[in-house]
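Student: build me a structure from this.
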Amino acid sequence: MFSQERNARPLLVVLAMVIALVPVRAQQADRAQIVAAMKRATTFMVEKVAYKGGYVWAYLPDMTRRWGEMEATPTMIWIQPPGTPVMGHLFIDAYHATGDEYYYRAAEQVASALMFAQHPSGGWNYIADFSGEPSLRKWYDTIGKNAWRLEEFQHYYGNATFDDAGTAESAKFFLRLYVEKKAPKYKAPLDKAIAFIVDSQYPIGVWPQRFPKAPPAGLHGLPDYTSYATFNDDVAAENMDFLLMCYQAFGDQRLIDPIVRGMSAFIVTWGLQHTLDLQPSGARTYEPRALVTHTTAGNIALLIRFYRLTGETKYLARIPEVLDWLEKVRLPPGIAPQGRTHPTFVEIGTNEPLYVHREGSNVVNGRYYVDKNPKGTIAHYSSFRNIDVAGLRKQYETARNTPPDEVIKTSPLKLGAGKVPLAKYYTSASSGDAAKIVADLNTQGYWLAPLGYNSHPYTSDGSKAPQPGDYSQTYVGDETDTSPYPDPKLMGISIDGYVRNMSALIRALDRQQ
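Tutor: Here you go, the predicted structure:
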């Protein structure tokens, strides 16, 4: 799969290059060096970083502070990627690359943490706390409640979420782990996850953001949106992808109906969230009721994929109309920042752009608002997007000109169970100089990496009176705002960095085979 092409060269040129390349080749990592570095880095993560098999996203080297999307306590684990399930996927990938049972045992430790975190209904929340419910509620009432821009953490619902792929990533991990050795103890959490996704699907094919339905908790005067049909952050797409993987593995015919109903819902939906009569709705206070360009573009790509899975042209039928709409709402020159082409939000009925702003200094005295002024928009959720309409149109034309019987030749939905095996590797392929990655592993056994973000520690709730300063275009408000903010100088232990480096080393091993 990862073979390298070699060009023939005249002998004299080859001989001339040998001398120049000797110092470089001396620095190349051989298989034994790569395998040893992978094992040392993983041993550090498993034995020094993990808490009862679970992980957050980032840690200071002395472990005095740690973060997921927000700051976490020492007994918390993060489910939302790139947290605990992503580490599990990486361990399975490393097991496939090396055959070393240590990685399988590491994946089993992740499974133990995720089984603890699994909601009785079968899904997962963004986070879990091994100290129990009182500790988790305290976190929500302090750090969570004061995260001005992260409204999804300002209220504890007590149920599970599909947002940000936490449930889907965990479910896929249990599928891969069970398929590996058919260990019965992993069949129960997998079955619960399948039932959760099937049971939570609405008859029209869509999924809510959270499930089971909890008492409404509308924030900042807005209706609660967590039971609405959700397309934001690929909720529906991730759920269907998991069910399709299960069908690939087991051939369970009962999964065909929820997959097909899920695909059909994309034909008529173009917003982040929709009411159950499929009318676009608002969500967080900086996500107004509107049509959404980047979600629309993503849905076009998914509809093309659905055609390739089914051979049914109904999934292509509306794409030209939608591409024309995207062309129509393209911003004129001089409005969007360089590299951006479209507004994020488009007003329903007028096709005019909507722009999001904020005022105040924290979650208590601050507010988000929407108008038609493109100046001074919020920084943490862009009001502008780059939509490659021409590229989408090319994808559509390629699909339209490929006959249905041709596109379904490799479709796992059409070929049936076992005909299209699950991928050997799940984590994204990363490129990198294997020798440098090996050399950069420090004496403690980890890669020191930029964490990217920092946050104010929780000290008190936000004040009712705005604090001095302009926070309209910052990632974080005053010192009571617990939202993360960019900090390029903060270094530490990064789950994302570990996964990327390990992925690059795994691919290097493949190239050496």
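
Student: for stretch 487-504, what is the distance to the chain centroid?
Tutor: Chain-centre distance of stretch 487-504: 16 Å, with CA atoms, centre = their mean, to the nearest Å.

Student: list the buried residues for it?
Tutor: Applying a neighbour-count criterion of 16 or more other CB atoms under 10 Å, one finds 492-504 buried in stretch 487-504. C-betas here are computed from N, CA, C, even on glycine.

Student: for those, which one is nearest Lys213?
Tutor: Ile495 (31.8 Å; CB to CB).

Student: ok, that closest one - contacts?
Tutor: Tyr55, Val56, Trp57, Ala58, Pro82, Gly83, Val86, Met87 (CB atoms under 8 Å, 6 or more residues apart in numbering).

Student: any idea how far the last one is from Ile79?
Tutor: What it means is Met87. Distance of Met87 to Ile79, computed by CB to CB, to the nearest Å: 11 Å.

Student: among the contacts of Ile495, which ones are buried?
Tutor: Those of the contacts of Ile495 that meet the buried threshold are Tyr55, Val56, Trp57, Ala58, Pro82, Gly83, Val86, Met87, by 16+ other CB under 10 Å.

Student: I'd say Tyr286 and Tyr381 touch.
Tutor: Yes: taking contacts as CB atoms under 8 Å, Tyr286 lies within contact range of Tyr381: 5.2 Å.

Student: mutual contacts of the two, please.
Tutor: By CB under 8 Å, 6+ apart, the residues touching both Tyr286 and Tyr381 are Arg149, Val356.

Student: these two: who's more crowded?
Tutor: Tyr286 (21 against 14; other CB atoms under 10 Å).

Student: host element of Met263?
Tutor: Element membership of Met263, judged by DSSP states H and E, is helix 256-265.

Student: tell me how far that helix lies from the chain's centre.
Tutor: Using CA atoms, centre = their mean, the offset of helix 256-265 from its chain centre is 22 Å.

Student: helix or strand right after it?
Tutor: With secondary structure assigned by DSSP H and E, helix 256-265 is succeeded by strand 273-274.

Student: show the average pLDDT along that following strand.
Tutor: For strand 273-274, mean pLDDT is 88.

Student: for it, packing partners?
Tutor: Where contact means 3 or more CB pairs under 8 Å, 6 or more residues apart in numbering; DSSP states H and E, strand 273-274 is packed against strand 229-230, strand 280-281.

Student: the top strand by length along the chain pairs with which strands, parallel or anti?
Tutor: In the chain, with assignment by DSSP state E, the single longest strand is strand 485-494. Its sheet considered, strand 485-494 pairs with strand 58-59 (antiparallel), strand 448-454 (antiparallel) by DSSP bridges.

Student: C-alpha coordinates for the last one, PDB please?
Tutor: I take that to be strand 448-454. Provided in PDB are the C-alpha atoms of strand 448-454 (Å, rounded to 0.1, in the frame of the first residue of the first chain):
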ATOM      1  CA  LEU A 448       7.900  17.600  24.000                       C
ATOM      2  CA  ALA A 449       5.400  19.500  21.800                       C
ATOM      3  CA  PRO A 450       3.600  22.800  21.600                       C
ATOM      4  CA  LEU A 451       0.200  22.400  23.300                       C
ATOM      5  CA  GLY A 452      -1.200  25.300  21.300                       C
ATOM      6  CA  TYR A 453      -3.600  26.500  24.000                       C
ATOM      7  CA  ASN A 454      -3.700  27.600  27.600                       C
END
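
Student: Leu354 in helix, strand or coil?
Tutor: Classification of Leu354 using DSSP: H, G, I helix; E, B strand; the rest coil returns strand.

Student: mind showing which ranges of the stretch 201-350 of the chain have poor pLDDT?
Tutor: Residues of the stretch 201-350 of the chain meeting the criterion pLDDT under 70: 270.

Student: now the helices and strands packed on strand 273-274 in a markdown table, with mean neighbour count?
Tutor: As requested, the helices and strands packed on strand 273-274 are exported to a markdown table (neighbours: other CB atoms under 10 Å):
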| stretch | mean neighbour count |
| --- | --- |
| strand 229-230 | 26 |
| strand 280-281 | 21 |
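
Student: re the thing from before, what about the contacts of Ile495, which are in helices?
Tutor: Mapping the contacts of Ile495 onto helices (DSSP state H) picks out Val86, Met87.

Student: which one of the contacts of Ile495 is nearest to Val110?
Tutor: Nearest member of the contacts of Ile495 to Val110, counting by CB to CB, is Met87, at 5.7 Å.

Student: returning to that earlier point: which one among the buried residues of stretch 487-504 gets closest to Asp440?
Tutor: Using CB to CB, the buried residues of stretch 487-504 come closest to Asp440 at Asn501, 7.9 Å.

Student: check contacts around the closest one.
Tutor: Ala41, Ser430, Gly432, Ile437, Asp440, Trp447.
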